[in-house]
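Colleague: here is my input, please return the structure:
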Amino acid sequence: MTVVRSTLPEEALGVTGTALQETLVDLLGLSLVGKQAHWNVVGPRFRSIHLQLDEVVATARDHSDTVAERAAALGVSPDGRPETIAATFALPGTKDGWLRDTEVVELMVSALGTAVGRLRERIEATEKADPVTQDLLITITAELEKQRWMFQAENHPRDGASS
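Modeller: Reported below is the predicted structural model:
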């Protein structure tokens with residue numbers, strides 16, 4: 001059943017719909033990883049990391065809504081069901097139990113880096129297919145890169161040595 005008819009040609013819609021759905025899964029999964037780490041982080045940098053994780057979760061959730069609404073506006077039914085996320089999520093996730101603050105920083109740098117890499121591929125794929133969606137993906141990428149940078153800054157050497 002088609003409820004909304006797209007303004008995009010069929011081929012462009014296929015590329016764009018795939019890019020949006022994959023991004024939706026990445027963002028919803030990233031928000032879950034961030035919350036799991038948020039609840040389980042321990043260590044001397046608990047508070048700063050705990051608060052930074054809330055920012056990542058809020059960013060991922062806000063952008064996931066925008067991505068889903070973009071898909072719907074194009075006539076692509078967004079799929080954010082838990083079973084879809086579980087079956088297709090491809091970013092690094094948390095281990096079970098408590099997480100040292102240093103582990104959380106490494107995890108978030110890795111997960112955000114992977115998400116950014118995947119987004120950059122979609123930016124390239126949507127360049128001709130749908131520049132509007134490409135612009136959205138560029139915006140999300142910039143925000144996730146900012147979050148990754150903030151976590152990387154948590155890993156700076158404390159003794160003044162350079163890395």
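Colleague: check which element follows the longest helix along the chain along the chain.
Modeller: In the chain, assigned by DSSP state H, the helix with the most residues is helix 10-40. Going down the chain from helix 10-40, the next helix or strand is strand 41-42, by DSSP states H and E.
Colleague: confidence score at Thr7?
Modeller: We have a pLDDT of 84 for Thr7.
Colleague: spit out the contact partners of it.
Modeller: Shown in contact with Thr7 (CB atoms under 8 Å, 6 or more residues apart in numbering): Leu74. All C-beta atoms are positioned from the backbone trio N, CA, C, and that covers glycine.
Colleague: distance check, the closest residue to Ile123 other than its chain neighbours against Glu154.
Modeller: Among residues not flanking Ile123 along the chain, Leu137 sits closest, at 4.9 Å (CB to CB, 6 or more residues apart in numbering). Distance, Leu137 to Glu154, by CB to CB, to the nearest Å: 26 Å.
Colleague: helix, strand or coil: sort out Leu8 for me.
Modeller: coil (DSSP: H, G, I helix; E, B strand; the rest coil).
Colleague: who touches it in this structure?
Modeller: Contacts for Leu8 (CB under 8 Å, 6+ apart) come out as 16, 74, 129-130.
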